[in-house]
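K.L.:
sequence-free structure coming up:
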DNA sequence: AATACGGGGCA
DNA sequence: TGCCCAGTATT
């Protein structure tokens, strides 16, 4: 390992080295934080590591089993399951010969049950076609059911010492903070960024297995999602997030906005025929989507309305509905917004040209030409084009 | 590129 | 409640 640089340059040579880091001429060289990061974490790990059963073995079967159990699962939750599985199936062949129902029974309560099925399938494959020999490279491991990039890297490094970095939720968090990466970690581009950085860091690790364990353990108990322990952090002074007070803002993760489903029922009141026809519309004034746009008379329901009779028509429109006749079946239109899916059902109601029934408050008659000029939601335009265009 | 897939712990 | 957890497979 390289000796740490003295705090102050003791001669011109050191000063030159420091200045060179700032210059563009050294683009090929790594910044000190990149080269020291791994070894620093490895030292931290030897002092702070938790004593966990899968850390006492290099048996690929046990490593694999623990990693699958721990996918999207906290250690505290997965640990008892791991112990029960090892007791029930001490070896890969035991697992391969297991009854699937019994296996799923043991998995009960852990969630993500496809993990258990894939576990069984992969165990059988290795037992039956590979003479029980666990694949020993990252790329071979990747081909197995239930083993993705994370688990392949974990097994390859922990069991076989391969120099390949794990990139899990902990790693995203630690790297985003230490290196001040503001990319949204849910994007494909960010995954590439983090994987590339992780690979560069791994190149400087003393021991691949220890380094991988270290960065995850560091994320789990020091660089935690909330309330990270920055005051006692070994990389505090190299951490971009800490130095800029942004540790609570990183990593950036776009929260998926749940798509709200909304159901609109519209009554398309039409007075007269053809070019002379008039349509009743009103402006949306409420603080909601489509504010100040024009739409037909209607109501919103929590569920799709089975038919127009089931819709609770406000009393003010009863006279209008009774004065006309329903024309044809309902027309359905749908519009996707960023956070909403609006499904609309249109019921056309024809009235005599000379009808004088009073309109509800806000509703007004518009000729076809007028309707064209009104600002309308795409949903309304689509319907109008389809029926009268 | 988005989404389904679980259940538990914690603020 | 919403977020997050030693992610992967599928659409």
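P.N.:
Okay, I see it. Every value quoted in this text rests on a predicted model; they were computed, and no experiment measured them. Numbering: from 1, shown residues only, chains lettered A, B, ... in the order given.
K.L.:
Look up how far residue A:170 lies from residue A:215.
P.N.:
Distance, residue A:215 to residue A:170, by C-beta to C-beta, to the nearest Å: 7 Å. In short, each C-beta sits where N, CA and C put it, glycine included.
K.L.:
Could you check which of those two is surrounded by more residues?
P.N.:
Applying other C-beta atoms under 10 Å to residue A:215 and residue A:170 shows that residue A:215 carries more neighbours, namely 31 against 19.
K.L.:
ok, the more buried one - contacts?
P.N.:
A:38, A:41, A:166, A:170-171, A:174 (C-beta atoms under 8 Å, 6 or more residues apart in numbering).
K.L.:
rerun that using 10 Å as the cut-off
P.N.:
Neighbouring residues of residue A:215 by C-beta atoms under 10 Å, 6 or more residues apart in numbering: A:37-38, A:41-42, A:44-45, A:165-168, A:170-171, A:173-175, A:178, A:198, A:201-202, A:205, A:223.
K.L.:
any common contacting residues for residue A:215 and residue A:170?
P.N.:
residue A:223.
K.L.:
re earlier: DNA strand B next: which of the contacts of residue A:215 are close?
P.N.:
Applying C-beta under 7 Å from any atom of the strand, the subset of the contacts of residue A:215 adjacent to DNA strand B is empty.
K.L.:
the domain parsing of chain A - what is it?
P.N.:
A:31-243, A:260-388 (automatic domain parsing).
K.L.:
Apart from its chain neighbours, what residue comes closest to residue A:186?
P.N.:
residue A:254 (5.3 Å; C-beta to C-beta, 6 or more residues apart in numbering).
K.L.:
so which helix or strand takes in the one you found?
P.N.:
If you go by DSSP states H and E, residue A:254 is not part of any helix or strand.
K.L.:
what's around it, how many residues?
P.N.:
When neighbours are counted by other C-beta under 10 Å, residue A:254 comes out with 9.
K.L.:
Report pLDDT for it.
P.N.:
For residue A:254, the pLDDT comes out at 82.
K.L.:
From the chain's centroid, how far away is stretch A:270-290?
P.N.:
40 Å (C-alpha atoms, centre = their mean, to the nearest Å).
K.L.:
now the residue in chain A that DNA strand C sits nearest to, nearest residue through space, not along the chain?
P.N.:
Relative to DNA strand C, the nearest point of chain A is residue A:148 (2.5 Å; C-beta to the nearest atom of the strand). Nearest-residue entry for residue A:148: residue A:142, 7.4 Å, with adjacent residues in sequence omitted and distances by C-beta to C-beta, 6+ apart.
K.L.:
Is DNA strand C within reach of stretch A:179-191?
P.N.:
No: figure legend: stretch A:179-191 not in contact with DNA strand C (C-beta under 7 Å from any atom of the strand); closest approach 9.2 Å.
K.L.:
Report the buried residues of that stretch.
P.N.:
A:179, A:181, A:183, A:185, A:190 (16 or more other C-beta atoms under 10 Å).
K.L.:
Next, find the distance separating the second one from DNA strand B.
P.N.:
The gap separating residue A:181 from DNA strand B is 17 Å, by C-beta to the nearest atom of the strand, to the nearest Å.
K.L.:
hang on, that residue in a helix?
P.N.:
No: read with DSSP: H, G, I helix; E, B strand; the rest coil, residue A:181 is coil and lies in no helix.
K.L.:
my guess is it contacts residue A:252, does it?
P.N.:
Yes: between residue A:181 and residue A:252 there is a contact under C-beta atoms under 10 Å: 8.2 Å.
K.L.:
Find the residues that touch each one of the two.
P.N.:
With C-beta under 10 Å, 6+ apart, residue A:181 and residue A:252 have common neighbours residue A:190.
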